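# Here is a sequence together with a model predicted from it:
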Amino acid sequence: MHDVHAAALILTMAAATWALRFLPFLVFRKQTPPYITYLGEVLPPAIIGMLVIYCLRNISFAAKPFGFPELAAGALVVLLQWRKRNSLLSILSGTALYMVLITFLG
């Protein structure tokens, strides 16, 4: 019984994901409207900025380790992204550095 429920859930999620990915091609067959193109350009950086602010909002500079792990990992991500232009490398390296720092400093 649980297997059937899990399979139905997975199929439903897969169908919804597929439909959401395919829908823009059906709606904008001839030409993409300018406002959609504009949103495609400005939303990704805006969302990344909001995520950075959300992740760094609870840093305590008054208590040990004084925000060093978060700031060092963030700086590494920015540096690697600037030099290598590889998001996966940047994110994984920043995450690994953060985990090491909070393990040993925090």
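Structure received.
# Which residue ranges of the chain form helices?
2-27, 34-56, 68-84, 87-105 (DSSP state H).
# closest one to Ala62 among those?
helix 68-84 (12.9 Å; C-beta to C-beta). Yep, even glycine has a C-beta here, placed from its N, CA and C like the rest.
# Report the mean per-residue pLDDT for that closest one.
Averaging pLDDT along helix 68-84 gives 96.
# picking up where we left off before, if you compare the helices of the chain, which one is most tucked away?
helix 68-84 (a mean of 16; mean count of other C-beta atoms under 10 Å).
# what does that helix rub up against?
52, 55-56, 59, 86-87, 89-91, 93-95, 97-98, 101-102, 105-106 (C-beta atoms under 8 Å, 6 or more residues apart in numbering).
# Domain-wise, how is this structure divided?
1-31, 34-105 (automatic domain parsing).
# Can you get me the start-to-end distance on the last one?
One end of domain 34-105 to the other measures 49 Å (C-alpha to C-alpha, to the nearest Å).
# And Ser87, how far from Leu51?
13 Å (C-beta to C-beta, to the nearest Å).
# Point to the residue nearest the middle of this structure.
Geometric centre of the chain, nearest residue: Ile48, 6.9 Å, by C-alpha atoms, centre = their mean.
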